[in-house]
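Enquirer: Coordinates only, no sequence provided:
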């Protein structure tokens, strides 16, 4: 995917030079390996800082709601689906956007790679097709790229952007015969007591930093329910009841809106598998309403409208 870099720079420079947009939102190299950072290029001279590789996992759709300027944004498959959600939910206007679609082969899981390094410090990282080459002092390691993808990327079936104005790379073959909900079914098969224990254990390390909420493109409410004081819906402590309330209510708020971009898990400082909440609801919405978030800009979210032919098997 590094070949995309020149095409992104070329498109960004053209759009800024021709004054078609006011800003290009993409990525530049971070200060440490595996951590590229979002970057807003506002002049043609700044464009040369833009890069693209498997460390561009942050969902750039998070930087779009309520902007009033003209924006070019680099969007992989999940980013583009969140852009669709923002358009549908009136957070941004389509005519403001120039979408640079980036067909994606998956983002790297920095936590699993760092665990493989066993404390050794990398000085350089290079992606070469199907491999990741990592070098440093007393370090010369080659990893298979496909074995170190983020979990959501490994099961992604929408790697190509669903909406775009320009493509910065050739469309990739979408994954087929992927079981997206094997882990969800394992939890569904548990007894009520085991489910309770499973989720208690899952969030036992949560420090209520709200990084998952802040990184989520669909969490754009001006005042989040956890910050409300009149009435106060949830306490500010890490009391188990408050923590459960936060995670479960946030998950329900995302029902029919989550694109499984993995931003929540990627940002969690203690490594909680936050997607275990949202994937269950994604599965239910798919089965009950035959709906996937962010695919069709002409369709309202599943829980936002009624169709006479909606499946109604769940109504007793």
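Expert: Yes, it's here. Not measured: the values here are computed from a predicted model. Numbering: from 1, shown residues only.

Enquirer: from here on, contacts and neighbour counts on C-alpha atoms
Expert: Fine.

Enquirer: can you pull the contacts of the residue positioned nearest the centre of the chain?
Expert: With distances taken as Cα atoms, centre = their mean, the residue of the chain nearest its centroid is residue 261 (2.7 Å). By Cα atoms under 8 Å, 6 or more residues apart in numbering, the residues touching residue 261 are 59, 78-79, 152-153.

Enquirer: To which secondary structure element type does it belong?
Expert: Per DSSP: H, G, I helix; E, B strand; the rest coil, the local secondary structure of residue 261 is coil.

Enquirer: how close does it get to residue 69?
Expert: 25 Å (Cα to Cα, to the nearest Å).

Enquirer: Same check on residue 104?
Expert: Counting by Cα to Cα - residue 104 and residue 69 are separated by 27 Å.

Enquirer: go on, residue 24?
Expert: From residue 24 to residue 69 the distance is 11 Å (Cα to Cα).

Enquirer: quick one on the thing from earlier: show the pLDDT at the residue nearest to the centre of the chain.
Expert: At residue 261, the model reports a pLDDT of 96.

Enquirer: Quick check: end-to-end length of stretch 84-104?
Expert: End to end - Cα to Cα - stretch 84-104 spans 17 Å.

Enquirer: Spell out the residue ranges of the strands in the stretch 151-300 of the chain.
Expert: Taking DSSP state E, counting those that start in this stretch as the criterion, the stretch 151-300 of the chain contains strands spanning 166-167.

Enquirer: Partner strands of the lowest-mean-pLDDT helix or strand in the chain, with direction?
Expert: When the helices and strands of the chain are compared on mean pLDDT, DSSP states H and E, strand 124-128 comes out lowest with a mean of 87. As defined by DSSP bridges, the strand partners of strand 124-128 come to strand 131-136 (antiparallel).

Enquirer: Other residues contacting the strand it pairs with?
Expert: 120-127, 140-145.

Enquirer: Stretch 164-184 too?
Expert: Against stretch 164-184 from outside (Cα under 8 Å, 6+ apart): 3-4, 7-8, 80, 98-105, 155-160, 276, 279-280, 283.

Enquirer: which among those end up buried?
Expert: Taking 16 or more other Cα atoms under 10 Å as the criterion, what is buried in the contacts of stretch 164-184 is 4, 7-8, 80, 98-105, 155-160, 276, 279-280, 283.

Enquirer: Nearest residue to residue 27 in space, please, no chain neighbours.
Expert: Excluding the flanking residues, the one nearest residue 27 by Cα to Cα, 6 or more residues apart in numbering is residue 38, at 4.5 Å.

Enquirer: which residues are contacting the host helix or strand of the one you found?
Expert: Assigned by DSSP states H and E, residue 38 belongs to strand 37-41. With contacts defined as Cα under 8 Å, 6+ apart, strand 37-41 is touched by 23-30, 47, 50, 56, 58, 60.

Enquirer: Quick check: what element follows that strand along the chain?
Expert: With DSSP H and E, the next secondary element past strand 37-41 is strand 50-51.

Enquirer: List of residues touching the very next helix or strand once past that following strand?
Expert: Going down the chain from strand 50-51, the next helix or strand is strand 71-75, by DSSP H and E. With contact meaning Cα under 8 Å, 6+ apart, strand 71-75 is reached by 8, 12, 15, 21-26, 60-61, 96-102, 161.

Enquirer: just stretch 203-220 next, same as before
Expert: By Cα under 8 Å, 6+ apart, stretch 203-220 touches 58-59, 61-63, 65, 82, 85-86, 237-238, 240, 243-244, 254, 257-258, 263-265, 267-270, 272, 274.

Enquirer: Do a quick rundown of the helices in the stretch 201-316 of the chain.
Expert: Secondary structure of the stretch 201-316 of the chain (DSSP state H, counting those that start in this stretch): helices located at 211-215, 240-253, 263-267, 275-289.

Enquirer: got any ranges where this structure has weak pLDDT?
Expert: Residues of the chain meeting the criterion pLDDT under 70: 1-2, 311, 313-316.

Enquirer: Okay, domains of it per the record?
Expert: 1-106+157-174, 110-148, 179-308 (automatic domain parsing).

Enquirer: related to what we said a few turns ago, any chance of the helices of the stretch 201-316 of the chain in TSV with distance to residue 303 as columns?
Expert: Output for these, formatted as TSV (distance: least, Cα to Cα, whole Å):
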stretch	distance to residue 303
helix 211-215	20
helix 240-253	10
helix 263-267	22
helix 275-289	9
